[in-house]
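Colleague: Have a look at this prediction, sequence included:
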Amino acid sequence: MKSRRKATTINALLGVTPAVRIAAAVLTTAFLILVLLPLYWVVVSSTKDERALYTSFGLWFSGPFSLAQNLRSLAVYESGIFARWMLNTVIYTGVGGGGAMAVSTLAGYAFSRFEFAGRRALFLFILASLLVPMTALTIPIYILYSKIGLVNNALGMIIPSLVSPVGVYLMRVYIDGSVPHEILDAGRVDGAGEVRIFLRIAAPLMVPGAVTVLLLSVVATWNNYFLPYIVFSREELYPLTVGLSLWASQATAGGSAQQVYPLVVTGGVVGLAPIMIVFVVLQRYWRVGLLTGALTS
């Protein structure tokens, strides 16, 4: 009762009327449905065979329940190439996302806690790189990669994934609010070196922010389509995004290739599962990070 009265008082102070609350609830519900509807459709469609996929209502189940058969077909189609694509995606995402977190944490700490020549200009340059679309870099990236031998090389996918301007910005802002100067100075007074201060004092305080950057980097790398599309021409090096796109192109070609379409849908569900699991496992750190930022701001 007390919390409800407090919420009512806050709404009154902010001028939030019942009509505004109802409109906000309706808009939030509509947005939630818009976001979750494609996920619901792909889950439902993964349980259908080829005939039911084209003839039944898309937003409800239809017999026979073919999820197990679709998974078996997915595992053996084209000599099990899907498993290779999944492994490639895990490697690219694990190394690229984890590396992006490490680089962003180190860079954010340096920008936040050290004074050096050109710090402001360099930080502004990093932020300005967000304005450059990936499509504008396509030809330069391919020419550069062809010169240094990174075409059809896993490093061609991993190295760009290590760079996250958003991660550097987020870590600097988080460190500014969550790692007090006083506690670092106390470590220096006690005779600790900068590496030990970073690892033993600053790093534990930065975990929520680092996990947030990790989540963003992992999702971005897992869903990356454009970069591997221009870097790889060999199917065995494809990640899931490019591989499933190849199958989808075959399915839309018509004829007997349409039998691939259930595999595309089922592969999409299998590809979503690891990201959802990672988010569920790590979201408590993200929530702590958001609360910490709110308390320190």
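Modeller: Thanks, I have it.
Colleague: Which stretches in the stretch 101-250 of the chain count as helices?
Modeller: Applying DSSP state H, counting those that start in this stretch to the stretch 101-250 of the chain gives helices spanning 119-128, 138-148, 154-161, 165-178, 181-189, 194-196, 203-222, 226-231, 240-252.
Colleague: Moving C-terminal from the lowest-mean-pLDDT helix or strand in the chain, which element do we reach first?
Modeller: Here the helix or strand of the chain ranked lowest by mean pLDDT, DSSP states H and E is helix 2-14, holding a mean of 53. Next in sequence after helix 2-14, counting helices and strands by DSSP states H and E, comes helix 18-45.
Colleague: Show me what that following helix is packed against.
Modeller: Counting contacts by 3 or more CB pairs under 8 Å, 6 or more residues apart in numbering; DSSP states H and E, helix 18-45 packs against helix 261-296. To be clear about C-beta, it is placed using only N, CA and C from the backbone, and glycine gets the same treatment.
Colleague: burial of residue 76, as a residue count?
Modeller: As a burial measure, residue 76 scores 11 neighbours (other CB atoms under 10 Å).
Colleague: What helix or strand is it located in?
Modeller: helix 67-76.
Colleague: Residue 86 is nearest to which of the helices of the stretch 101-250 of the chain?
Modeller: With CB to CB, the closest approach to residue 86 among the helices of the stretch 101-250 of the chain belongs to helix 240-252: 6.2 Å.
Colleague: can you tell me how far the spatially most central residue of the chain sits from residue 178?
Modeller: Among the residues of the chain, the one closest to the centroid is residue 219, at 1.4 Å (CA atoms, centre = their mean). Residue 219 sits 23 Å away from residue 178, taking CB to CB, to the nearest Å as the criterion.
Colleague: ok, back up a step: adding mean pLDDT, write the helices of the stretch 101-250 of the chain out as a markdown table.
Modeller: Listed next are the helices of the stretch 101-250 of the chain as a markdown table, based on pLDDT from 0 to 100:
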| stretch | mean pLDDT |
| --- | --- |
| helix 119-128 | 93 |
| helix 138-148 | 88 |
| helix 154-161 | 93 |
| helix 165-178 | 92 |
| helix 181-189 | 91 |
| helix 194-196 | 93 |
| helix 203-222 | 91 |
| helix 226-231 | 91 |
| helix 240-252 | 90 |
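Colleague: for stretch 140-156, which positions count as buried?
Modeller: 141, 145, 150-151, 154, 156 (16 or more other CB atoms under 10 Å).
Colleague: about what we covered before: do I have it right that the residue nearest to the centre of the chain meets residue 272?
Modeller: No: in this structure, residue 219 is not within contact of residue 272 by CB atoms under 8 Å, at 11.0 Å.
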